[in-house]
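Undergrad: got a sequence here, can you model it:
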Amino acid sequence: MPFRFSRCITLTLLMVSASSWADTTPGSSVANQGIPEKGVAPCMSCHGPDGAGMAPTAYPRIAGMNAGYIARQLKNFRAGARSNPVMMPMAKNLSDKDIEAVSAYYAAMPIPAPAAQPPSGDTEKIANDLVQWGDWSGRTLPACAQCHAADGNGIGAFFPGITAQHAGYIKAQLLAWKAGARSNDPLGLMKSIADQLTEKEIDAVAAYYAAQAGAKPIPAHNTAAVFIDTPKEKADDVHSGDVHQQGAPPAGRKPGESGYFQSPLRDAIAETPFGDAVRQGQAIFQDTNTHAVSSRYVGNDQACGNCHIDAGRLALSAPLWAAWVDYPAYRSKTGKVNTFIERIQGCFTYSMNAQASSAGGVPAADSETMVSLTAYSFWLAKGAPTGDTHLPGRGYQRLEETKQGFDPQRGAAVYAAKCALCHGKNGAGVTDADGHTLFPPLWGAESYNWGAGMHKIDTAAAFIKHNMPLGLRESLSDQEAWDVAAYMNSHERPQDPRFAGDLQQTAKKFHASKFSLYGKHKSAKGFILGEHPATAPKSQQKQ
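TA: I've put the predicted structure just below:
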């Protein structure tokens, strides 16, 4: 709530009688009258009687913001964790009770309609790409929507709503993070992102969100975290040039600077019936559990895009383009040769727990869901050498075991510091009002079941090390990745679909690996994992 004191006092005299919210709710006194005896000016002086802020002076919109977020910023100003020459002394004179009251007051306000016009032309395209997709392969940038929600209305106390926010304010904050003038972002995430954005991109994103209508933010109860950056490691196993006995890749499909295969650009999807199937496949991939076509086959809050980053494009994150050319193939998990369709059906069985869905099982090979997903996979792999089972970037990059092994207890501390921010203290993740998964649940009834590949600690550790936290890839140490993977998979989840009534027989047959805790490790409740698998109450089961 930055403002210039003298200007604010003048504006207060003009505005104070206009506020319909004055003296009607707790916190209204601070918002509309200030606390003169403490030298605290009224918030409305600069943020307006409706909390909309002022675009010309870049005073932010605070109406409808999450109360926890507002309170956190005020406490940061008070403690000096966020710098502003006016707000710091003001906040210093606010008690915790004052802060909680005024935060709740503004959170209860409706979000004013945006006054800005949406960007157009190149600016619109730049903004849409960054907001919806980010730039994973180029700069490991997650989409803005990943943390601020698809509608930009924010998530909990750490990811603010930025719709209907003034472009000048958004730009000022991004530049402040970029310059190091602001540093109270959790895990250093915004600093990492802002550092990689050009001024043109900052202008585009700011203009985009300033023109979006706001709604109430998504409540979330997450744990604050302190994050220490470590240097990023360069990925090995780089592929360049022609593939042996396959000839030169088609024009435009040669590996880029990373050395990995490049899928066609997203805007290259043709306006044809096949292109329609590809677009629908991409949409299903990103929102499998809520998409109108695929949701009936999903028995939890998981989506394909949770484990296959950048909509199945990102190398070393099990990209679809590498999987497409790898099948048909023999799989030890099934004991037979599987087609690509069977492989995807397996994902529905294990990762999305299709048994608990309204359909009661996986989509058929000729279903609209499967046709769309295979069309999308085929399109992503356009130009990749069929049958190249060693295509660089396939699967997850292997993570060598550490001398200390893995320990769920050590992992609990890593989780609290680096993961709970997004996935919650109880691992339940975050979904929006429409059920779209923003941060997937990591254990419990809505997570993947005991047959999914991610339940194996080595697989989870590799994924976490090279992809998490979002936007800060390669920032966890190898030991942290191993330990937090063990902690994550030391909790109950839905039963292995291959369970035939005997826990130890199932564990012996399918979970003999030391990287599986199923049938061996005791949960926090004292039960052997798999003994009391997580199930949703009948009233909450997927319809």
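
Undergrad: give me the below-cutoff pLDDT ranges for the stretch 201-350 of the chain.
TA: Within the stretch 201-350 of the chain, the segments meeting pLDDT under 70 span 220-258.

Undergrad: repeat that for 80
TA: Scanning the stretch 201-350 of the chain for pLDDT under 80 picks out 216-258.

Undergrad: and for the closest residue to Pro89 other than its chain neighbours, the neighbour number?
TA: Closest residue to Pro89 apart from its sequence neighbours, by C-beta to C-beta, 6 or more residues apart in numbering: Gly39 at 7.3 Å. C-beta: built from backbone N, CA, C; applies to glycine. Look at Gly39: counted by other C-beta atoms under 10 Å, it has 12 neighbours.

Undergrad: let me know the pLDDT of Gly39.
TA: Predicted confidence (pLDDT) for Gly39: 92.

Undergrad: what do you get for Asp50?
TA: The model reports Asp50 with a pLDDT of 95.

Undergrad: could we number from 45 for the rest of this?
TA: Okay, residue one is now 45; in that scheme the one you just asked about reads as Asp94.

Undergrad: ranges for the strands of this structure?
TA: Listed in chain order, the strands of the chain (DSSP state E) span 373-375, 380-382, 474-475, 481-483.

Undergrad: pull up the gap between Arg183 and Ile237, please.
TA: Look at Arg183 and Ile237: by C-beta to C-beta, to the nearest Å, they are 9 Å apart.

Undergrad: neighbour-wise, which of those two wins?
TA: More neighbours surround Ile237 than the other of Arg183 and Ile237, with 24 against 13 (other C-beta under 10 Å).

Undergrad: that one contacts Pro513, correct?
TA: No. The criterion here is C-beta atoms under 8 Å, and Ile237 misses it with Pro513 at 11.8 Å.

Undergrad: just to revisit the earlier point, dump the strands of the chain into a markdown table; add mean neighbour count and distance to Ser339 as well.
TA: Output for the strands of the chain, formatted as a markdown table (neighbours: other C-beta atoms under 10 Å; distance: least, C-beta to C-beta, whole Å):
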| stretch | mean neighbour count | distance to Ser339 |
| --- | --- | --- |
| strand 373-375 | 12 | 27 |
| strand 380-382 | 13 | 25 |
| strand 474-475 | 22 | 13 |
| strand 481-483 | 22 | 11 |
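
Undergrad: out of those strands, the one nearest Ser338 is which?
TA: Of all the strands of the chain, it is strand 481-483 that lies closest to Ser338, at 12.8 Å by C-beta to C-beta.

Undergrad: domains of the protein?
TA: According to automatic domain parsing, the chain comprises the domains 49-151, 165-254, 310-424, 452-584.

Undergrad: OK, contacts around Met532?
TA: Residues near Met532 by C-beta atoms under 8 Å, 6 or more residues apart in numbering: 455, 459, 463, 471, 486-487, 504.

Undergrad: which among those end up buried?
TA: Using 16 or more other C-beta atoms under 10 Å as the burial test, the contacts of Met532 include 455, 459, 463, 471, 486-487, 504 as buried.

Undergrad: mind putting the residues you listed into CSV with pLDDT and distance to Ser139?
TA: Formatted as CSV, these follow (pLDDT from 0 to 100; distance: C-beta to C-beta, whole Å):
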residue, pLDDT, distance to Ser139
Gly455, 98, 38
Tyr459, 98, 33
Cys463, 96, 33
Gly471, 96, 34
Leu486, 98, 37
Trp487, 98, 39
Ala504, 98, 44
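
Undergrad: and which of those residues is nearest Cys90?
TA: Closest to Cys90, out of all of the buried ones among the contacts of Met532 and judged by C-beta to C-beta, is Cys463, at 36.8 Å.

Undergrad: wait, that closest one sits on Val528?
TA: Yes. Using C-beta under 8 Å, Cys463 makes contact with Val528 at a distance of 6.3 Å.

Undergrad: what's the average pLDDT for stretch 514-533?
TA: Across stretch 514-533, pLDDT averages out at 95.

Undergrad: from Tyr371, how far off is the spatially most central residue of the chain?
TA: Of all residues in the chain, the one closest to the mean position by C-alpha atoms, centre = their mean is Gln190, 4.1 Å from it. Distance, Gln190 to Tyr371, by C-beta to C-beta: 29 Å.

Undergrad: for Asp173, same thing?
TA: Here the criterion is C-beta to C-beta. By it, Asp173 lies 31 Å from Tyr371.
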